[in-house]
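> Sequence plus the predicted model coming up.
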Amino acid sequence: MKQYIEEAEAALLHTYNRYQVVLDKGDGVYLYDMEGKKYLDFCAGIAVFALGYNNKRYNDALKAQIDKLIHTSNYYYNVPAIEAAKKLKKVSGMDRVFFTNSGAEAVEGAIKAARKYAYLKDGCRDHEIIAMEHSFHGRTMGALSVTGNPKYREAFEPMIGNIRFAQMNDFESVLAQVTDKTCAILFETVQGEGGIFPAEESFMKQVKALCEERDILLILDEIQCGMGRTGYMYAWQKYGVKPDIMTTAKALGCGVPVGAFLMTEKTGAASLKSGDHGTTYGGNPLAGAAVNIVLDLFEENHIIDNVKETGAYLEAALDSLAAEYACIKTRRGGGLMQGLVFHRPVGDIITRALDKGLILINAGTDIIRFVPPLIITKEHVDEMTAILRECLREEA
Ligand SMILES: *Cc1c(COP(=O)(O)O)cnc(C)c1O
């Protein structure tokens, strides 16, 4: 591995502080490095590999599509994308789908749709978007502009402009940012990178009412918290607060790069039109096949039921860890999207867990984030907590 790591550092741009491991293959909820060491994976490629690794049905579906047709162009129709859009509409309750290649691109599309919607109403070109502090929406310029982390933005300014920030779960702070120019309010239903902060039901309902009253679009970023992770296909479904535009990605393709932004019929009919937006790869047959098989397997394998059950078990296990160890401040989250908030940085705990064969990730400096494959069982949770306990004990 050492050799490859050196080669990587010589060839790749240094934009990541990587763990000193070269991963080689996966099976279920386990990953193996090049030296054959086994790891229990509670990261899932950052909330991506929901169905686990080396899933035969998933792999076979992709192989079949590869042998048939990988790419066309959006100038032509293709059946996998059509089927995928139909299924996505069904599970989301949204009406119109635009496939992208990543989460950030889905956010870009959502921003463009919101601006166009407002532009068609009044012809003005200075509309504003309200986003939240501590949010994360991606690294491209538009997505970065609505990301509420000044550290990520600073060196790349100027941002796209006319973005105002409010505090999640503080409706007054949102109201304080609303002007006649506000075209959209955007937030993650559960903030991921920002530290596993779920939006409160009352906040969502107040924002939704405000949006309806002022004809402002509600955009929910479900890229991390969507696809069953919280025990609902999309986290907003728990509260019935339906967005006008929604973004999804990460587990949508379970490893094949695909995202999407979805709209209600009303928003779709009054925003992006022919020529307004496009992508070369987005929704190509391979990506479409991935979304299809993922959504089929979600249903057949009762993924959401497993998240509800195993998520409750994980939550209880983390709560008892939090009660046991003084270095843990609290637990936050829902389903299989949980965070343990520490009184101190967690980097060394994560490194020690990795040594012991457990893959964890942080969210910010002092939070361990748990976003495992959605197929994990209670036994896997026990295995994880046993290793984590060892790491915490060594520390005490
Ligand atoms: C990961 C993430 C993104 C960006 O997705 P990419 O595929 O990395 O571009 C956007 N929003 C949220 C909430 C995310 O978690």
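Arrived safely.

> Low-confidence bits of the protein, can you list those?
396 (pLDDT under 70).

> other SSEs contacting the longest helix seen in it?
In the chain, with assignment by DSSP state H, the single longest helix is helix 303-324. Helix 303-324 sits against strand 328-334, strand 337-342, helix 378-395, with contacts defined as 3 or more Cβ pairs under 8 Å, 6 or more residues apart in numbering; DSSP states H and E. For the C-beta atoms, the positions are set from N, CA and C on the backbone; glycine is no exception.

> residue ranges for the helices of the stretch 101-250 of the chain, please.
Remark: helices assigned in the stretch 101-250 of the chain by DSSP state H, counting those that start in this stretch are 103-122, 141-145, 150-153, 171-175, 201-214.

> Distance to the ligand for those - can I get that in CSV?
Below are those laid out as CSV (distance: least, Cβ to the nearest ligand atom, whole Å):
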stretch, distance to the ligand
helix 103-122, 2
helix 141-145, 6
helix 150-153, 12
helix 171-175, 18
helix 201-214, 16
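
> Quick one: closest of those to residue 263.
helix 103-122 (6.4 Å; Cβ to Cβ).

> Which other helices and strands does the closest one contact?
Checked by 3+ Cβ pairs under 8 Å, 6+ apart, helix 103-122 has strand 96-100, helix 141-145, strand 182-188, strand 217-221, strand 245-248, strand 259-263 packed alongside it.

> can I get the ones you listed in JSON lines with mean neighbour count?
Shown next, in JSON lines, are the helices and strands packed on helix 103-122 (neighbours: other Cβ atoms under 10 Å):
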{"stretch": "strand 96-100", "mean neighbour count": "24"}
{"stretch": "helix 141-145", "mean neighbour count": "20"}
{"stretch": "strand 182-188", "mean neighbour count": "26"}
{"stretch": "strand 217-221", "mean neighbour count": "28"}
{"stretch": "strand 245-248", "mean neighbour count": "29"}
{"stretch": "strand 259-263", "mean neighbour count": "28"}
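
> Tell me which of the ones you listed sits nearest to residue 322.
Going by Cβ to Cβ, the one of the helices and strands packed on helix 103-122 nearest residue 322 is strand 182-188, 23.1 Å.

> got the CA positions of that closest one in CSV?
What follows is strand 182-188, C-alpha atoms only, in CSV (Å, rounded to 0.1, in the frame of the first residue of the first chain):
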residue,chain,number,x,y,z
THR,A,182,-36.3,36.5,-2.2
CYS,A,183,-36.9,33.8,-4.7
ALA,A,184,-36.0,30.7,-2.7
ILE,A,185,-35.3,29.4,0.8
LEU,A,186,-32.8,26.5,0.7
PHE,A,187,-31.8,24.1,3.4
GLU,A,188,-30.9,20.5,4.1
